[in-house]
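Engineer: test case, fold it:
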Amino acid sequence: MDTFDTGRLIYLVLLLVMVVAWGFAARRQSMNKTLQYAAVWGLIIVGAIAAVGLWDDITRASMPYRASVVGENAVSVPRSPDGHYYVSLDINDTNIPFVVDTGATDIVLSQRDARRAGIDPETLNYIGRARTANGEVALAPVRLDRVALGPIEDRNVPAVVNAGEMDGSLLGMGYLQHFGTISISQDTLTLTR
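Structural biologist: As a prediction, this is how the structure comes out:
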């Protein structure tokens, strides 16, 4: 903290101490009631501090970052507070969330998302391998009948299903390379065909 913030904090603490002292002095006849009110206000203040501290997590969970259509062949995606870009694709008419990952080679579906898209992971042939930060994982190649990002639609798109544990699916370069322009400006990713 710089000196301006430190001075402001000291002022606010002194102001709080004065208000609390006045409250106790004004209610010294009914100390039990005063302590009850102080406990209630203390819980309210702690709750407000927790809400401020968790605000990024609360907004991320309550307001998913969605792509917005910029034009007939363009989509923009805002950067989330965690620094990633998230999009929802319609895969085989099922809405599936993805994190945009330029380090991934293909569209990588988690087993859960593959099931949601109508692909049974148990029947796949896991013949591919990929090295990840968590070690080597087995991959099964698949073809997605329909992939749509806003107004942009593709058919018969190659993808892989990851045999390992994944929190979500990845939108890799195999799909992103179909866009003529990929740009990032002012915390917005724009994909243009």
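Engineer: tell me how far Leu189 lies from Pro158.
Structural biologist: 22 Å (C-beta to C-beta, to the nearest Å). Where C-beta positions appear, they are placed from N, C-alpha and C, glycine not excepted.
Engineer: those two: who's more crowded?
Structural biologist: Comparing Leu189 with Pro158 by other C-beta atoms under 10 Å, the one with more neighbours is Leu189, at 19 against 12.
Engineer: and the protein, what are its domain boundaries?
Structural biologist: Split into domains by automatic domain parsing, the chain comes to 3-53, 66-192.
Engineer: can you tell me which of those the model trusts least?
Structural biologist: Among the domains of the chain, domain 3-53 carries the lowest mean pLDDT, a mean of 77.
Engineer: starting at the chain centroid, how far to that domain?
Structural biologist: 35 Å (C-alpha atoms, centre = their mean, to the nearest Å).
Engineer: ok, which stretches of the protein are strands?
Structural biologist: Using DSSP state E, the strands found in the chain span residues 68-71, 74-78, 86-91, 94-100, 107-109, 128-132, 135-149, 152-162, 169-171, 181-185, 188-192.
Engineer: these: which one's closest to Trp41?
Structural biologist: strand 74-78 (37.4 Å; C-beta to C-beta).
Engineer: ok, and what's touching that closest one?
Structural biologist: Contacts to strand 74-78, defined as C-beta atoms under 8 Å, 6 or more residues apart in numbering, come from residues 65, 67-70, 85-87, 100, 149-152, 187-193.
Engineer: stretch 97-109 too?
Structural biologist: Against stretch 97-109 from outside (C-beta under 8 Å, 6+ apart): 64, 77, 84-89, 91, 96, 117, 119, 130, 139, 142, 144, 147, 157-162, 166, 168-176, 189.
Engineer: and those residues, which are buried?
Structural biologist: 77, 85-89, 91, 96, 117, 119, 130, 139, 142, 144, 147, 157, 159-162, 166, 169-176, 189 (16 or more other C-beta atoms under 10 Å).
Engineer: Thr6: which of the strands of the chain is closest?
Structural biologist: It's strand 74-78; of these, that one is closest to Thr6 (C-beta to C-beta) at 34.7 Å.
Engineer: name the residues of the closest one that are buried.
Structural biologist: Buried residues in strand 74-78, counting neighbours by 16+ other C-beta under 10 Å, are found at 74-77.
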